[in-house]
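A.B. asks: have a look at this fold, sequence not included:
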């Protein structure tokens, strides 16, 4: 014997209630995301050359001299690695954002994205950008 009587409206009501509950949970998780404190991130140019028009994850940091640190800017979502767009006097730099599956959001606090030039032995990419937690 079927546990749900042969009433199409009852089956529809149960499915609709399940869908409504699922959507409510997703909405609550998205709403909680809006209250997550941002990560405050600065940049450190450890490339040995001036970087021009630096953008990290779509946020403009402007020009950054070799060895210099930028000011802190808030990032709603920041991970250990980041997307980088900039230029040197000789070339354009574009580092795509990584796949963040399994990565944890950095969360509240101060961090420095260290930008450094890579050697071919380390990576086929020319530049690396990686987060380091700053002392509070």
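C.D. replies: Done, it's in. Just so we're clear, the structure is a prediction, and the values are computed from it rather than from any experiment.

A.B. asks: could you point out which element follows the one helix or strand in the chain whose mean pLDDT sits lowest?
C.D. replies: One helix or strand of the chain scores below all others by mean pLDDT, DSSP states H and E: helix 8-34, with a mean of 73. With elements assigned by DSSP states H and E, the helix or strand that comes after helix 8-34 is strand 39-46.

A.B. asks: model confidence over the following helix or strand past that following strand, on average?
C.D. replies: Remark: after strand 39-46, the chain's next helix or strand is strand 51-56, criterion DSSP H and E. The pLDDT scores in strand 51-56 average 95.

A.B. asks: work out the sheet partners of strand 51-56 and label each with its direction, please.
C.D. replies: The strands beside strand 51-56 in its sheet (DSSP bridges) come out as strand 59-64 (antiparallel), strand 84-87 (antiparallel).

A.B. asks: who touches the spatially most central residue of the chain in this structure?
C.D. replies: Centrality entry for the chain: nearest residue to the mean C-alpha point is residue 78, 3.7 Å, by Cα atoms, centre = their mean. Contacts here follow Cβ atoms under 8 Å, 6 or more residues apart in numbering; on that basis residue 78 touches 38-39, 41, 57, 105-106, 111, 131. Heads up, the C-betas are built off the backbone N, CA and C, glycines and all.
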